[in-house]
Each structure stands twice: as structure tokens, then as C-alpha cells.
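In: A predicted structure for the sequence below; I have some questions about it.
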Amino acid sequence: MNRVLLTDRAWPDDAIERGIIEAAGHELIAGPAVAGDEAAIEALVRRHRPHAIMTCWAPVSAAAIAAAPSLRIVARMGVGLDNIARDAASRAGAWVTNVPDYCVEEVSDHALALIFAWARGIARFDAQVKQATWNPAGARLRRLANCTAGIIGFGRIGRATACKLRALGLRVVTLDRHGGSDPHDAIERVAFDTLLAVADIVVLHVPLTPHTHHLIDATAIAAMKPGAFLVNVSRGPVVDSAALIAALEGGHLSGAGIDVVEGEPTVPLELVGRADVIATPHVAFSSDAALIELRTRAANDVVRVLGGAEPAFAGNAPRFPYADGTYGDQPAAASATPRS
């Protein structure tokens, strides 16, 4: 019987995962719901020596991977893979997987919700009315159709956001990664500095990598259009929080809509407590339908790999051990057998 370790979860129970894993003849071992730190996860892996790891927020380090000699797959129950030591998994011959398209509608909807809240003053007016302040003459609102939105990160979610914004009449630009605009999607491609200079709204849809860490720093913010609004629904460390606070305090930006914050869940109150910041607790991905799809597909990928097949979505290129002691890029015919 293969052991599957569920390190943490962002939902009330493990019923979906357990049903799929156990129906396939494997054992599910559930850790604490709240994600532990690296040391806690490494200890959990050493204790159970799983053949598969399913993780939501918990960090799966190189040491954790080394502590599971029979490991075949680390399945991220989400999109980003920044909490998994992918290189270590590849060297160990273990797949790293994710579910990259389960929450396209939810995250793009959330980006639009933050934009609407800024343009129409929703959060600010709600707070004022609840404090018995009724001052419609003080409104300073925006016509979205007159705005330009710059989308940084033009994958599945970025394209969905662009489609929805264009339907509202906004001009949409994104980064020129492929040498010019694509006439098939009518989205303008521009240089990074140009996007920052022309966009009234900058929306971040990028993964967290060494290249994107603090992509939006003091220099980038200074290049943004005065009065612009920044939306981050990707990963907190993509934005330098200190630089963002300074820009808001100095009045260079009119506000920010952030679903993710550097250092979360411990977040700087000098940022999230501001009246010009609309903050939500990393829930852009969430809906009843999205969570069911995510949990089902992640668990099915684990079952698929433990049964000897390749995963639906691979986030790495593992090196598989062969019987003669060599390694290759494809599993040997008998690779359904655990490595140890």
C-alpha cells in the first residue's frame, strides 16, 4: 500500500482527497490543517516516509524530499510551485505537479472586483456609511471605460482578465514577450516601462520566481503613472511592500488592491490598514466549484502517478532510476514499483 501525505489544506476536511486516494487502494495520512514550517514538514515526512506528498501552502524542501526515499510525486494543490524544491524532486526522480487552470475564472473575477471597488469607491463608502457619514458630494470616482489596464503575466488568468476588461471598454496592454502584438487577440504588446507609464491600473498575474521577486519595487513604482492603482492577485513577494507603502504615503499611487502580501499571513498593518488599500486574505482562487475541481484533479494525479502513468500537468522533468543504475528522462517499464 502506498502512503500519501497531505501536509495541509485550505478547506474544512479531507473527504474528497481521502475518498479518491483510498478508493485506489492507497493510504492517506493527513497532517495538521494549518501549514507547518519547513522543519515541521520535514519531521512529518521522516515519520511517514510517503510515496506521495500533497501540499497546499506547506513548504516541501529538499530535506523533506530526501527524507522520503520512495517518493514518486509532490502534488501542489494550487497553481504556483514556489513552495516546492523542484530541482531536488527532479534529482530524486519524483514528479512535481499542479492544477494550473482550476481557478482562472475566480482569480480574474477577483482582479475585476478589486478594480471595481477602487473605481467606484465601494470599500471607502461602505466604511463611511457604517460610521454614519453620508457624503455623496465627496465622491471622486472614475469611468473605467476611460482607463488603460496593464496586465503583467499573460497566461491563462491574464488572458481571462484582459477579455473581461476589454468587454468593459478598457484599453488593455501587456508585455511584449514575443516581438509585437498578436492580431488574433487585439491586445497591445508594449515594453515594461511603457506599460507602467501608460496604465491607470496595473494587474499582476505572474508566478513567484527569482526573476519576479520584487518585480514591482521602488524603481518600477516610480515609473508608474501618477494616480495609478496596483492589483496583486499573484504572490506577495512580487511586490516590495515597503516601496508600495512609501508610494501610497507619498501620493504617487491612488491605491492598491491586494489579495496577497509579502510575509502573509503576518502582514504589515501600515499597508493593509490604509483606507486606500483594499485587502483580502489570499482567497482569489476560491469558490465552491474551484475547490472541488482542484482537490479532485490533484488527488487523481497522485493516483495516476502511483499507478505508473505520467501526470496531467508536470512542473518538472524528473530523472528516473533504471534497474542498471543509470538515469533517464522517461520512466522504465517497471517504474510503477516504488524506488525503495
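Out: It's in.

In: where does this protein have low pLDDT?
Out: 177-185, 320-340 (pLDDT under 70).

In: All the helices of it, residue numbers only.
Out: Ranges of helices in the chain, per DSSP state H, are 15-23, 38-48, 62-66, 86-91, 104-119, 122-130, 156-167, 192-198, 218-223, 241-250, 269-272, 288-306.

In: Make CSV from these and add distance to Leu6 and mean neighbour count to it.
Out: Using the backbone N, CA and C atoms, a C-beta is placed for each residue, glycine as well. Putting those into CSV (distance: least, CB to CB, whole Å; neighbours: other CB atoms under 10 Å) gives the following:
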stretch, distance to Leu6, mean neighbour count
helix 15-23, 6, 16
helix 38-48, 10, 17
helix 62-66, 14, 21
helix 86-91, 17, 18
helix 104-119, 22, 21
helix 122-130, 35, 14
helix 156-167, 26, 20
helix 192-198, 39, 17
helix 218-223, 38, 16
helix 241-250, 31, 17
helix 269-272, 30, 14
helix 288-306, 9, 20
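
In: Adding distance to Asn232 as columns, could you present the ones you listed in CSV?
Out: Converted to CSV, the helices of the chain look like this (distance: least, CB to CB, whole Å):
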stretch, distance to Asn232
helix 15-23, 29
helix 38-48, 25
helix 62-66, 28
helix 86-91, 23
helix 104-119, 9
helix 122-130, 16
helix 156-167, 13
helix 192-198, 14
helix 218-223, 12
helix 241-250, 9
helix 269-272, 11
helix 288-306, 19
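
In: now for those helices, which one comes closest to Arg76?
Out: helix 288-306 (7.5 Å; CB to CB).

In: which helices and strands does that closest one pack with?
Out: For helix 288-306, the elements it packs on are helix 15-23, strand 52-55, strand 73-76, strand 95-97, judged by 3 or more CB pairs under 8 Å, 6 or more residues apart in numbering; DSSP states H and E.

In: Which of the ones you listed sits closest to Ala162?
Out: Comparing the helices and strands packed on helix 288-306 by CB to CB, strand 73-76 comes nearest, at 25.3 Å.

In: quick revisit: compare the helices of the chain and give me the one nearest Leu141.
Out: Closest among the helices of the chain, using CB to CB: helix 104-119, at 6.6 Å.

In: Could you check the angle that closest one makes with helix 156-167?
Out: 50 degrees (axes from the mean of the first three to the mean of the last three CA atoms, to 10 degrees).

In: picking that back up, which one of the helices of the chain lies nearest to Ile29?
Out: Across the helices of the chain, closest to Ile29 is helix 38-48 (CB to CB), at 5.2 Å.

In: what's the closest of the helices and strands packed on helix 288-306 to Asp217?
Out: Closest to Asp217 of those, according to CB to CB: strand 73-76, at 26.9 Å.

In: Check which residues of the closest one are buried.
Out: For strand 73-76, burial by neighbour count (16 or more other CB atoms under 10 Å) applies to Ile73, Val74, Ala75, Arg76.

In: Would you point out the most distant pair within those residues?
Out: Ile73 and Arg76, at 10.3 Å, using CB to CB across the buried residues of strand 73-76.

In: what touches both of the two?
Out: Val96, Thr97 (CB atoms under 8 Å, 6 or more residues apart in numbering).

In: from what I can see Arg166 touches Thr174, true?
Out: No: under the criterion of CB atoms under 8 Å, Arg166 makes no contact with Thr174, lying 11.5 Å away.

In: what sits in contact with each of these two?
Out: In contact with both Arg166 and Thr174: Ile187, using CB under 8 Å, 6+ apart.

In: mind giving me JSON lines with the buried residues of strand 73-76 and columns for distance to Gly307?
Out: Converted to JSON lines, those look like this (distance: CB to CB, whole Å):
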{"residue": "Ile73", "distance to Gly307": "11"}
{"residue": "Val74", "distance to Gly307": "17"}
{"residue": "Ala75", "distance to Gly307": "14"}
{"residue": "Arg76", "distance to Gly307": "19"}
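
In: Now do the domain split for this protein, please.
Out: Domains of the chain are assigned by automatic domain parsing as 3-101+287-328, 104-279.

In: First residue to last residue on the last one, what's the distance there?
Out: Start-to-end span of domain 104-279 (CA to CA, to the nearest Å) is 20 Å.

In: Likewise for stretch 80-97?
Out: Start-to-end span of stretch 80-97 (CA to CA) is 10 Å.

In: ok, residues contacting it?
Out: Under CB under 8 Å, 6+ apart, the answer for stretch 80-97 is 55, 57-62, 64-66, 71-76, 98, 207-209, 234-235, 298, 301, 305, 310-321, 327, 339.

In: ok, now how distant is the closest residue to Asn135 other than its chain neighbours from Val272?
Out: Nearest residue to Asn135, sequence neighbours excluded (CB to CB, 6 or more residues apart in numbering): Gln128, at 6.7 Å. Gln128 is 19 Å from Val272, where distance means CB to CB, to the nearest Å.
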